[in-house]
Structure formats: C-alpha cells, structure tokens
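1. Fold the following, please.
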Amino acid sequence: MNIVIIILSIIGGLVTLLLVIALFVRNEYALTRSITINKPRQEVFDFVRYLKNQDRFNKWVMADPNMKKEFRGVDGTEGFVYAWESNKRGGKGEQEIKHIKEGEYLDLEVRFEKPFEAVAQTPFATESVNGDQTHITWGMSSRMKYPMNIMLLFGIEKALAKDMDVSLTTLKRIVEDQ
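-> I've put the predicted structure just below:
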C-alpha cells in the first residue's frame, strides 16, 4: 500500500510542478511559413481563397477522410464558414474568411472547440516574385489558455510549422500541376 501512495504522490507532485511552470510560460505564439510557387500570383490566390480547396492540401484536413463538414455562405467570399468535426487529431471547430484583399491577402479566423477551445488567426499572403512566380506566406497566431500554454514548452510550434510546411509543399505541387 505504501508503494501506491508513493507513486500517487510522485504523480501529484509532477502535475503540480507542471501547473506551476505553466504560470510562467508565455501564452501566445506566432509563426509563418512560406514557399515559392511557379505560377502567377492571381492563380495562386484564386486557389487558396476557396477554403474547400484545403481538402486537397491542408495536412490537418486530410488527416481524417471521414471528417464531417458543414459550409455556410459562398466559398471564396468574406463571411464563408467551413466547419468540421473529426477524429481526436482533427477535433472540432470552424474557420471563417474574415477579410480579403483581392489577389494579395486572405485573413482567416479558426475557432477550435475540441480538443480544447482556442481562436487562431491564419492568414495567407501572396506576393509576386516575377510574372510567373508567387511567394505565398501562411501564418498562424493564437493565445493558449492556462494550463494548455505548457504545450509551448513541448514543441507544439515546431510540430505546427512542420505540418504547415508539408501542406505548403502539397499546395505547390497541386497548383503547379494545374
């Protein structure tokens, strides 16, 4: 019986330590990832502005082929909402087109419900490198509530960046093959 008490005490101590550490960990993050696509700016922008196209390049969306999806509004226009409910990895939430600067900028807001509540800004920006190349940048910024902010110490930003890079590489392949 003493061994059980010792094990529970150690587990309780570790949980308490993590909660205390989380008090001192930042609660915001921001990252951007970019790639150059060998297509004109408007062609790249016209592909990413339609959120339904994320089914073809976004690693998180593609993680669950059985994801339930709901759409509200007109895709590619301000106010369009793409909602999803997925497995444990994909969770539940929705994203909305908040603002479009034609050919240049797409401001998206992602609202997560599960596995935890959060709101993230995930803009796409396109910049013409020359007439036939476009530099696209995808950003992600958010606040993580206590005690979930402890995840910032365990490499969540690195994992998100890796997934964004995979998604952008897939986007490049798809758009260039069109």
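
2. And the strands in the protein?
-> Listed in chain order, the strands of the chain (DSSP state E) span 28-37, 68-72, 81-85, 92-101, 105-114, 118-121, 124-130, 133-143.

3. Met148 touches Phe112, doesn't it?
-> No. Judged on Cβ atoms under 8 Å, Met148 makes no contact with Phe112 at a distance of 10.7 Å. In short, each C-beta sits where N, CA and C put it, glycine included.

4. Residues that sit against both of the two, list them.
-> Common neighbours of Met148 and Phe112 (criterion: Cβ atoms under 8 Å, 6 or more residues apart in numbering): Ala118.

5. about what we covered before: dump the strands of the chain to a markdown table, plus distance to Ile10.
-> Below are the strands of the chain laid out as a markdown table (distance: least, Cβ to Cβ, whole Å):
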| stretch | distance to Ile10 |
| --- | --- |
| strand 28-37 | 31 |
| strand 68-72 | 41 |
| strand 81-85 | 37 |
| strand 92-101 | 34 |
| strand 105-114 | 30 |
| strand 118-121 | 31 |
| strand 124-130 | 46 |
| strand 133-143 | 32 |
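
6. okay if I get these as a markdown table plus mean neighbour count?
-> Shown next, in a markdown table, are the strands of the chain (neighbours: other Cβ atoms under 10 Å):
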| stretch | mean neighbour count |
| --- | --- |
| strand 28-37 | 15 |
| strand 68-72 | 12 |
| strand 81-85 | 18 |
| strand 92-101 | 17 |
| strand 105-114 | 17 |
| strand 118-121 | 16 |
| strand 124-130 | 16 |
| strand 133-143 | 18 |
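
7. Many thanks, have a good one.
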